[in-house]
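Participant: Fold the following.
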Amino acid sequence: MKKSVLKRKPVSPLKRAKREADKAFSLYIRSRDGRCMLAGLDKVRCGGVLQCMHLRTRGDYGLRYDEVNALTGCQGHHVFYTNHPSDWDILLEAHFHDRWEYIHEHRDEHAGYKLNDYEEFARWFTSMHESNL
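Facilitator: Model prediction:
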C-alpha cells in the first residue's frame, strides 16, 4: 500500500512576516525583562520557561506590538492566567496599574498592518533584542 504524502499549503508572505514579528517581539520582551515579572506577586507557583505575556490579548492588533502591553512571565504564570482571566485583571490592576489604564485607553484601536509593517516590526524588535544581550 502506498503512503499518501500530505503537502503543506505554502505559508503566505504576510503570515510568515507576522510570525517573524511575533517571534522578534517575544525575544525582545524576554530580554528586556530578564525574569518572570509576576514572581512573588501572587500565590501561583513560578516555573518553566520565560514567555512573553500580553496584558491584553495579542488578538487586539492595535496593542499587539506595544511594549506597554507585554511583560515577561514564566510558563506557570502564563498558563494560570490564561485560564483565569478575571484573576489576571485583578493582578494587573493592582500591580501594573499604569499599564492597565493605558491598555484600556488604547484597546480595540484599528491597526491595519500590512506586509511591510510586519517586516519592520521584525527588524526593529530583533535589533532591540540584540542590544539587550
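Participant: now the longest helix that the chain contains: mean pLDDT?
Facilitator: Taking DSSP state H as the criterion, the chain has its longest helix at helix 13-33. Averaged across helix 13-33, pLDDT comes to 97.
Participant: can you list the weak-confidence ranges in this protein?
Facilitator: When residues are selected by pLDDT under 70, those of the chain lie in 1-4.
Participant: one more time with 50
Facilitator: Within the chain, no range satisfies pLDDT under 50.
Participant: Parallel or antiparallel, which strands does the helix or strand hosting residue 71 pair with?
Facilitator: Taking DSSP states H and E as the criterion, residue 71 maps to strand 70-74. Strand 70-74 has the following strand partners under DSSP bridges: strand 50-54 (antiparallel).
Participant: Need the contact partners of the partner strand.
Facilitator: For strand 50-54, contacts defined as CB atoms under 8 Å, 6 or more residues apart in numbering pick out 25-26, 29-30, 33, 35-36, 63-64, 69-75, 77-78, 81. C-betas here are computed from N, CA, C, even on glycine.
Participant: Distance from it to the middle of the chain?
Facilitator: 5 Å (CA atoms, centre = their mean, to the nearest Å).
Participant: Quick check: the gap between residue 91 and residue 42.
Facilitator: Remark: distance between residue 91 and residue 42 (CB to CB, to the nearest Å) = 6 Å.
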